[in-house]
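Colleague: Make a model of this:
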Amino acid sequence: MCQLRSHGIIRDKNLLKTKKLSKYHWYYEVNEISFNFRLTDFQSALGISQIKKLKKFIGLRTQIASYYLKKIDKKKFILPKIYKDKKSAWHLFIIKPKNNINRSNLYNYLKRKGIVTVLHYIPIFKHP
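Modeller: Numbers count the residues shown, from 1 in each chain. Next up is the predicted model:
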């Protein structure tokens with residue numbers, strides 16, 4: 001994670017591939033393309049304040065997910081599984097249409113009903 005958060009930079013001499021240059025304190029390698037994922041002080045302070053509200057947020061999301069699990073027709077959709085020994089923050093509530101339900105038609109139907117949906121995580125091989 002440290003490598004990925006910092007442009008993919010490696011400074012640990014044990015992980016460097018070019019050992020002879022590792023004697024220089026300035027030397028580093030990038031073996032994995034990444035970005036700068038460091039937070040600003042402001043973002044960190046905001047995150048800390050939000051942690052105090054986490055139980056409330058997850059509680060509300062759990063109530064909404066429970067409602068969905070009761071109301072959505074299990075004959076038409078594959079719903080998230082609930083495990084007794086696991087807990088979810090319900091960041092996403094993923095449903096998968098069964099049979100011949102057209103995803104675009106479902107999206108448009110839900111949109112007309114005022115329900116916001118998105119298709120997340122398009123597989124990489126489908127990108128140009």
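
Colleague: contacts and neighbour counts: CA atoms only from here.
Modeller: OK.

Colleague: what's the helix or strand for Thr62?
Modeller: Element membership for Thr62 (DSSP states H and E) is helix 54-71.

Colleague: Could you check how far that helix is from the centre of its chain?
Modeller: 18 Å (Cα atoms, centre = their mean, to the nearest Å).

Colleague: same check, this time on stretch 57-76
Modeller: 19 Å.

Colleague: Then stretch 94-109?
Modeller: 22 Å.

Colleague: Repeat that for stretch 86-99.
Modeller: Distance, centroid of stretch 86-99 to centroid of chain: 13 Å (Cα atoms, centre = their mean).

Colleague: center of this structure, which residue is that?
Modeller: Residue closest to the average C-alpha location in the chain (Cα atoms, centre = their mean): His91, at 7.9 Å.

Colleague: Now do that residue against Ile58, distance only.
Modeller: 9 Å (Cα to Cα, to the nearest Å).

Colleague: What of Lys87?
Modeller: From Lys87 over to Ile58 (counting by Cα to Cα), the distance is 10 Å.

Colleague: for this protein, what spans make up the helices?
Modeller: 2-5, 41-51, 54-71, 103-112 (DSSP state H).

Colleague: can I get these in JSON lines with mean neighbour count, mean pLDDT and distance to Tyr28?
Modeller: Formatted as JSON lines, those follow (neighbours: other Cα atoms under 10 Å; pLDDT from 0 to 100; distance: least, Cα to Cα, whole Å):
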{"stretch": "helix 2-5", "mean neighbour count": "15", "mean pLDDT": "66", "distance to Tyr28": "11"}
{"stretch": "helix 41-51", "mean neighbour count": "11", "mean pLDDT": "93", "distance to Tyr28": "26"}
{"stretch": "helix 54-71", "mean neighbour count": "13", "mean pLDDT": "96", "distance to Tyr28": "38"}
{"stretch": "helix 103-112", "mean neighbour count": "12", "mean pLDDT": "88", "distance to Tyr28": "47"}
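
Colleague: Alright, I will stop here.
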